[in-house]
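> Just need the structure, nothing else, for what follows:
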Amino acid sequence: IVADYIPFIVLLFSLYTISGGISLTGDIPATPKTNTLILAIGSLLASLIGTTGVSMLLIRPPLQINQERKKKVHTVIFFIFLVSHIGRCLLPIGDPPLFLGYLRGVPFFWTLNLWAPWAVTVCLLLIIYYVWDTVAYRHETAEDLQHDAEERQPLQIRGTLNIVWLFGVIFAVAFMVPDKAFLGTSWIIPPFFREGAQLALAGVSMWLTPKIIRTDNQFDFFAITEVGALFVGIFICMQVPVEILKAVGSELPLHAQWHYFWATGALSGVLDNAPTYAVFFETATASAVEGAKGVMSFEGVAGTIHIAEKVLIAISLGSVFMGAMTYIGNGP
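Numbers count the residues shown, from 1 in each chain. As a prediction, the model looks like this:
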């Protein structure tokens, strides 16, 4: 709870609170090009401000833009796939399981190595969505399309100062590592100073953001409270399998990269992808042989950690991509 849950929930809370102060509104023609562009932008932003933040920020514009269309359910589904899941794998701040890996010692910028599978998957889904939405658009009635064309409101973004606070959270997570020197100085970061900085930024956001913006966003703390309650139960219950896997993980029939990818992915949708990542991370470290080809080593909270890089890639992608299978699979 102290080592994992508190940093985890503070990060989600901070991103949720700050992004709730950014409002993006407007109503432009709901063409396939427009919708695809929104999904593409969301996929790019997800790793920078986290899927909790980008999901809150970008879900309302496509709903408002497509309100005159009848065939639009697929847009929300692809939003969940792309913006709330697949788009977030380039930085630990983008997704809870990658953040847990960072807490365990995985270098902050190591996840940039996932850019190729990220790019391929995002591009494939955007192409599929564009074709799907084009077909759906052609099946809309002429009256609905005319109504959509007439109902226009320029896109407007408010609360842009919160973007500064979002980048402040990224800076705190990346460079304020507890018990480590701060940016090469002699100052050692105290425990939970990083979390205190994130909460301070969330407090500044609440103080400086005009209340009308959060009112228009229908912002409250109910959703993040539900997430916090769910995850405290998950984090407590996952301690037993984590300890078991530390002892017997090397005996499991997980050998190839694809074994880890599908095992992690299948479980992440029904257990939640953060604890799933932690469980298979422990399994992989228990199976790694120090000095073997392809095994990377880094300093973790409990000493030096060894893990096969291709296995870490499989665990990262499986947990990030497939949390979309159920609502319990991921916070956004």
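> which residues touch stretch 200-209?
Stretch 200-209 is contacted from outside by 13, 14, 17, 18, 21, 159, 161, 162, 165, 168, 169, 172, using CB atoms under 8 Å, 6 or more residues apart in numbering. The C-beta positions use only the backbone N, C-alpha and C, and glycine is treated the same way.
> looking at it, the fifth one is touching residue 162, isn't it?
Yes. Applying CB atoms under 8 Å as the test, residue 21 and residue 162 come out as touching, 4.4 Å apart.
> So the residue nearest to residue 19 when sequence neighbours are not counted, which state does it fall into?
Nearest non-adjacent residue to residue 19, counting by CB to CB, 6 or more residues apart in numbering: residue 53, 3.4 Å away. For residue 53, the assignment made with DSSP: H, G, I helix; E, B strand; the rest coil gives helix.
> give the contact list for residue 53.
15, 16, 18, 19, 166.
> Now rank these by neighbours and give me the top one.
Among these, residue 18 has the most neighbours (other CB atoms under 10 Å), with 32 neighbours.
> that older thread, drop anything exposed from the contacts of stretch 200-209.
Neighbour-count burial (16 or more other CB atoms under 10 Å) applied to the contacts of stretch 200-209 gives 13, 14, 17, 18, 21, 159, 162, 165, 168, 169, 172.
> Can you tell me the element residue 57 falls in?
According to DSSP states H and E, residue 57 maps onto helix 32-58.
> again with residue 307
Per DSSP H and E, residue 307 falls inside strand 303-308.
> Name every strand pairing with that strand and say which way it goes.
strand 295-300 (antiparallel) (DSSP bridges).
> Output the partner strand in CSV, but only the C-alpha positions, please.
Extracted as CSV, the C-alpha positions of strand 295-300 are listed here (Å, rounded to 0.1, in the frame of the first residue of the first chain):
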residue,chain,number,x,y,z
VAL,A,295,18.5,-9.5,-19.9
MET,A,296,18.4,-5.9,-18.7
SER,A,297,19.4,-4.9,-15.1
PHE,A,298,18.4,-1.9,-13.1
GLU,A,299,18.2,-0.7,-9.5
GLY,A,300,14.8,-1.3,-7.9
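> chain center to it: distance?
Remark: strand 295-300 is offset 24 Å from the chain centroid, using CA atoms, centre = their mean, to the nearest Å.
> Check what contacts that strand and list those residues.
Contact with strand 295-300 is made by 104-107, 288-290, 304-309, 312, as judged by CB under 8 Å, 6+ apart.
> Nearest to residue 243 among the residues you listed?
residue 104 (14.6 Å; CB to CB).
> burial of the closest one, as a residue count?
Counted with other CB under 10 Å, residue 104 comes out at 20.
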